[in-house]
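# take a look and give me a structure for this.
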Amino acid sequence: MNLSQKINQFVIGELIFYRLPERRLPMPSVNINHGLHNEPHGELKPPQVLVDLLKQADVQFNGNRPWDIQVHDKELYRYVLTRGSLGFGESFMDGHWMCDAMDVLFSRLMTVDIDHQIAGWFKFSMLVELIRNYLFNFQSITRAFQVGERHYDVGNDIFEAMLDSTLSYSCGYWKSAENLEQAQHDKLDIICRKLQLQPGERLLDIGCGWGALMQYAAEHYDVSVIGITVSKAQQKLARERCKDLPVTVELKDYREITGSYDKVVSVGMFEYVGHKNYRTYFHTVDRLLRDNGLFLLHTIGQNKTAKTLDPWIDKYIFPNGKLPSAQEITQSLESVFLIQDWHNFGPDYDRTLMAWWHNFDHAWPELRKHYDERFYRMWKYYLHSCAGFFRSRQGQLWQLGPVNTNPIGSVVSENAPIKARGVRFGDSK
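Numbering: from 1, shown residues only. The predicted structure is shown next:
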């Protein structure tokens, strides 16, 4: 019997054993526990199928290495076998297991694609999810504000404690930086230089967050900025921070934007556009951008095309999200924009996420007055699993500098003078 057959046989047995106790089923003639035998010390032995799965990543249950999973409650096994990666995350939130080095754990698991193997156990539910994503537009205008309400409006105190002083909630640029503050400053500056911002220009920031880039561009490059967000909390704070600058912050969906702009930028927002809307998104930017203008896209990407997001992330962190692949972006850009530079610094997101975790953990004694332990575990799982995602190189961080289909000029390096003119941009490592 191969591993897949063992998985199918075991999962069926577990569903009966755990989910239907009230039916008082007759005692089966074979042992449906499939490895759930008591150890001499009284602890429940982990199912062999899960042991074999973790072995691929050199991870053990109750091992003695920092990345091994320490089981506190046997419910962990049922959660994983019946709910996959969603159950793994929820089991952690419920306190069923712990790990001293969760970032290393997730990096190991994702490097050998264990998350995708687990998803394969639930082919029917995955099929249903794929059909739902093809039939329905989960990133429609009517649903566009859900992520703002459920994630970004969770509380500014969380983000003020976790992020740097600019409140940049996207990947920092660590090429020359030694700390989070410098990495975020360098990220803002390289975006402005790639856009070749000039005094008096109009910049549109699609997904402006708490206003870090708008404030930086207005202060250092003397441009006027219009920013949009789907979060009321972000809009309120961004307006406060930019009140003395030529900055306007509007609460609206990108499809509702009007006007024309010299430069357009989008940082950490494309992840909520959805594959059904990619083409609409780029056509919208093209409509808003003046002739020979510049557009820069800063987005998380993944190394292969997938139509759905991790179910735990979708449920608890970023509802209706969808990470693009390179193929999806290029197909959607075709005949609309010309890509002159494609900059990937995905490993920098690993460092950014771990810096956020250390800040959040340090601030927890004060934050716990307003949030419970389950929230703490949820946030810990979120930051560490995402760090592992980038460390395994499943996750990428891309900055694309497409221009209109009639570009002029050539690519400029990241060290180009700030005053360089023309429709030129780029960054090569």
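# helix or strand for T280, which one?
helix 278-288 (DSSP states H and E).
# ok, L167 next?
Using DSSP H and E, L167 falls outside every helix and strand.
# do I have it right that it meets A161?
No. L167 is beyond contact range of A161, at 10.7 Å (criterion: CB atoms under 8 Å). Yep, even glycine has a C-beta here, placed from its N, CA and C like the rest.
# any buried residues in the helix or strand where D157 lies, and which?
Assigned by DSSP H and E, D157 belongs to helix 156-162. Of the residues in helix 156-162, 156, 158-159, 161-162 count as buried by neighbour count, 16 or more other CB atoms under 10 Å.
# make CSV out of those residues and add distance to S91.
As requested, the buried residues of helix 156-162 are exported to CSV (distance: CB to CB, whole Å):
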residue, distance to S91
N156, 30
I158, 23
F159, 27
A161, 26
M162, 24
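# need the max-distance pair from the residues you listed.
Pairwise distances across the buried residues of helix 156-162 peak at 10.6 Å for N156 and M162 (criterion: CB to CB).
# hmm, back to that, contact partners of the helix holding D157?
Residues from elsewhere that reach helix 156-162 (CB atoms under 8 Å, 6 or more residues apart in numbering): 167, 169, 210, 233, 237, 356, 359-360, 363, 366-367, 370-371, 379.
# ditto for stretch 83-92
The contact list for stretch 83-92 (CB under 8 Å, 6+ apart) reads 73, 75-76, 78-81, 97-98, 115, 118-119, 121-122, 310-312, 315-316, 377, 381, 385.
# among those, which are located in helices?
75-76, 78-81, 115, 118-119, 121, 311-312, 315-316, 377, 381, 385 (DSSP state H).
# rewinding a little: of the contacts of stretch 83-92, just the buried ones, ChimeraX syntax please.
The buried subset of the contacts of stretch 83-92, as determined by 16+ other CB under 10 Å, is captured in ChimeraX by this line:
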select :75,76,78,79,80,81,97,115,118,119,121,122,310,311,312,316,377,381,385
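# on that earlier part again, ok, of the contacts of helix 156-162, which one's closest to G274?
Using CB to CB, Y169 comes nearest to G274 of these, at 19.8 Å.
# look at that closest one and tell me its secondary structure.
Recorded secondary structure, Y169: coil (DSSP: H, G, I helix; E, B strand; the rest coil).
# which pLDDT value goes with it?
At Y169, the pLDDT value in this model is 96.
# and the closest residue to it other than its chain neighbours, how many neighbours?
Spatial nearest neighbour of Y169, excluding adjacent residues (CB to CB, 6 or more residues apart in numbering): G209 at 5.5 Å. Residues lying near G209 (other CB atoms under 10 Å) number 26.
# and G209, what is it in contact with?
152, 167-170, 229, 234, 238, 267-268.
# helices or strands next to the helix or strand containing W342 in the packing?
Assessed by DSSP H and E, W342 sits inside strand 338-344. If you count contacts as 3 or more CB pairs under 8 Å, 6 or more residues apart in numbering; DSSP states H and E, strand 338-344 packs onto strand 395-403.
# and the strand it packs on, what does it pack onto?
helix 180-195, strand 289-302, helix 326-333, strand 338-344, helix 347-367, helix 373-391.
# what residues sit buried inside the third one?
Taking 16+ other CB under 10 Å as the neighbour-count basis, helix 326-333 is seen to contain the buried residues 326, 328-329, 332-333.
# tell me the least confident of those?
Lowest confidence among those: L333, with 90.
# quick check: that residue vs W312, distance?
According to CB to CB, to the nearest Å, L333 and W312 sit 30 Å apart.
# also W398?
24 Å.
# ok, now K194?
Taken as CB to CB, the span from K194 to W312 is 34 Å.
# before we move on, what about G259?
In terms of CB to CB, G259 sits 39 Å off from W312.
# now L53
17 Å.
# got a list of contacts for stretch 58-78?
14, 18, 36, 43-44, 46-47, 50-51, 54, 87-88, 91, 94-102, 104-105, 108-109.
# and the closest residue to Q399 other than its chain neighbours, what pLDDT?
In space, and not counting its chain neighbours, Q399 is closest to H343: 4.3 Å by CB to CB, 6+ apart. At H343, the pLDDT value in this model is 96.
# repeat for S428
The predicted local confidence for S428 is 34.
# same check, this time on N292
We note a pLDDT of 86 for N292 in this prediction.
# now do the one 5 residues further on
We note a pLDDT of 97 for L297 in this prediction.
# count the neighbours of it for me.
Neighbour tally, L297, other CB under 10 Å: 25.
# quick one: contacts for the residue lying closest to it once chain neighbours are set aside?
The shortest distance from L297 to any non-neighbouring residue, by CB to CB, 6+ apart, is to L400 (4.5 Å). With contact set as CB under 8 Å, 6+ apart, L400 has these partners: 296-297, 299, 329, 339, 341-343.
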